[in-house]
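Q: the following block contains a protein sequence and its predicted model.
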Amino acid sequence: MTWFDAPEWDDAVEALRGASSVSLACHINPDGDALGSLLAASLGLKQLGKSVYPSWGATSVEVPYSFSFLPGADLLVRAADVPAEAAFLALDCGAGHRLGSLEERARAAPCLINVDHHPGNDNFGTLNIVVTTVSSTAEIVTRLLQDLGVTIDKEIATCLYVGIVTDTGRFQYANSTPDTLRLAADLLSFGVDAPQIAQEVYESSPFGFLKLTGRVLDRAVLHERERFVYSWISRKDLKETGVAPDETDALIDLVRSTRAADVAAMFKEQSDGSWRVSMRSKGRSVGALARSRGGGGHELAAGFTAPDRETTAAGLVAELAAAGDGS
Ligand code: 5GP
Ligand code: MN
């Protein structure tokens, strides 16, 4: 059966069914959907008797603290240990380069299956299952595992549920459709502990996160006319507050919460001095802003990397001003 109008669905199911070992990777700096999809797919394929090698293309595959409770994390292997000769399943990667150091190996695999939900995905796979109408890659992985005959159990359902909860912003964004909620409800029926997950994911920050939040909110800049708000996190902030870089994702949601702005950005200084920029919108598209700066994402949530904070912020302000209200 073909799900979601993905023409290569049956071929992808067939390829996975025939593979005795599968390499799997999500995007670098993985979020809840990337990790949930990666671990659910790994647990499911393992249940079918396949050898699985889940990872992502970074020097260390340490799961961020707030996702460390996820079942299946014990299956993770170092990127260097991901075999190139196995079938390769890429998850939640909007572009090939999101595989980081594993991109080359993925492209060399006999079969590269690209499972993703980002608009503008560059179809880097030999088989591409790109469904932009679903909330999360986890939604697609759920159907994929079901078609493969995997028995969804509590562990797999937990990973999938985490992917859906995080990518829908706890079911509050426009991507949370009736189908999404029905699927989440089905997953709960496997015994998923939703309140426990909410605590692990959203209430497990270190104390220093409160101090960091204070800094970030205090220095937020509002461009009233452009209805644009932004703030930043420097490496010094992280060092002084003791917060890990992967524990800062929630801050953009606080900055965007003002009614004075429709577009929000968070600049995060990287170890090489460049800035990762996360953008969020309440309506007008930010996908194009990110894509034209070498990044990507969705229309209302996108990101890119820039060499300089102040010039980039000024550029965004100018572009938002030029686009006016109609963009
Ligand atoms: P975040 O701000 O949470 O890092 O990213 C928001 C959305 O944009 C996510 O769907 C993420 O996958 C996507 N995204 C962020 N940065 C990039 C990038 O550099 N390239 C691409 N293609 N997508 C990105
Ligand atoms: Mn996703």
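A: Yep, that arrived. This structure is a prediction, so every number in the text was calculated from the model and none was measured. Ligands and ions are numbered 1, 2, ... in the order given.
Q: next up, the contacts around whichever residue of the stretch 1-150 of the chain sits closest to ligand 1.
A: Nearest residue of the stretch 1-150 of the chain to ligand 1 (C-beta to the nearest ligand atom) works out as Gly94 at 3.7 Å. (Glycine included, C-beta is placed from N, CA and C.) Applying C-beta atoms under 8 Å, 6 or more residues apart in numbering, we find Gly94 in contact with 27, 116, 118, 120-122, 296-297.
Q: in strands only, show me those.
A: Per DSSP state E, strands hold the following members of the contacts of Gly94: 116, 296-297.
Q: nearest to Asn175, of those?
A: Gly297 (12.2 Å; C-beta to C-beta).
Q: got the residues of the stretch 101-250 of the chain near ligand 1?
A: His118 (C-beta under 6 Å from any ligand atom).
Q: show me the strands in the stretch 101-250 of the chain, by range?
A: For the stretch 101-250 of the chain, the strands defined by DSSP state E, counting those that start in this stretch cover 112-116, 127-130, 221-223, 228-233.
Q: just checking the first one against ligand 2, any contact.
A: No: applying C-beta under 5 Å from the ion, one finds strand 112-116 separated from ligand 2 by no less than 7.6 Å.
Q: average pLDDT across stretch 79-87?
A: Averaging pLDDT along stretch 79-87 gives 95.
Q: start to end distance for it?
A: Distance across stretch 79-87, first residue to last, is 15 Å (C-alpha to C-alpha, to the nearest Å).
Q: ok, and what's touching it?
A: For stretch 79-87, the surrounding residues in contact (C-beta under 8 Å, 6+ apart) are 15-16, 19, 21-23, 25, 51, 53, 55-59, 61, 100-102, 105, 108-111, 113.
Q: would you show me how to pick out the buried ones of those in ChimeraX?
A: Buried residues within the contacts of stretch 79-87, by 16 or more other C-beta atoms under 10 Å, are selected in ChimeraX with:
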select :15,16,19,22,23,25,53,55,56,57,61,100,101,102,105,109,111,113
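Q: among the contacts of stretch 79-87, which are in helices?
A: 15-16, 105, 108 (DSSP state H).
Q: and the pLDDT for Pro54?
A: pLDDT, read off for Pro54, is 98.
Q: assess the claim that it and Leu24 are in contact.
A: Yes: with contacts counted by C-beta atoms under 8 Å, Pro54 reaches Leu24, the gap being 4.3 Å.
Q: the two: who's more crowded?
A: Neighbours were counted for Pro54 and for Leu24 using other C-beta atoms under 10 Å; Leu24 has more, 29 against 26.
Q: from ligand 2, how far out is that one?
A: Relative to ligand 2, Leu24 is positioned 15 Å away (C-beta to the ion, to the nearest Å).
Q: pretty sure that residue contacts Ser55?
A: Yes: taking C-beta under 8 Å as the definition, Leu24 is a contact partner of Ser55 at 7.3 Å.
Q: surely Phe88 is in a strand?
A: Yes: assessed by DSSP: H, G, I helix; E, B strand; the rest coil, Phe88 belongs to a strand.
Q: filter the ones in strands among the contacts of Gly94 down to the buried ones.
A: For the ones in strands among the contacts of Gly94, buried by 16+ other C-beta under 10 Å: 116, 296-297.
Q: make a markdown table out of those and add pLDDT and distance to Ala84.
A: A markdown table is the format used below for those (pLDDT from 0 to 100; distance: C-beta to C-beta, whole Å):
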| residue | pLDDT | distance to Ala84 |
| --- | --- | --- |
| Asp116 | 98 | 21 |
| Gly296 | 92 | 25 |
| Gly297 | 90 | 28 |
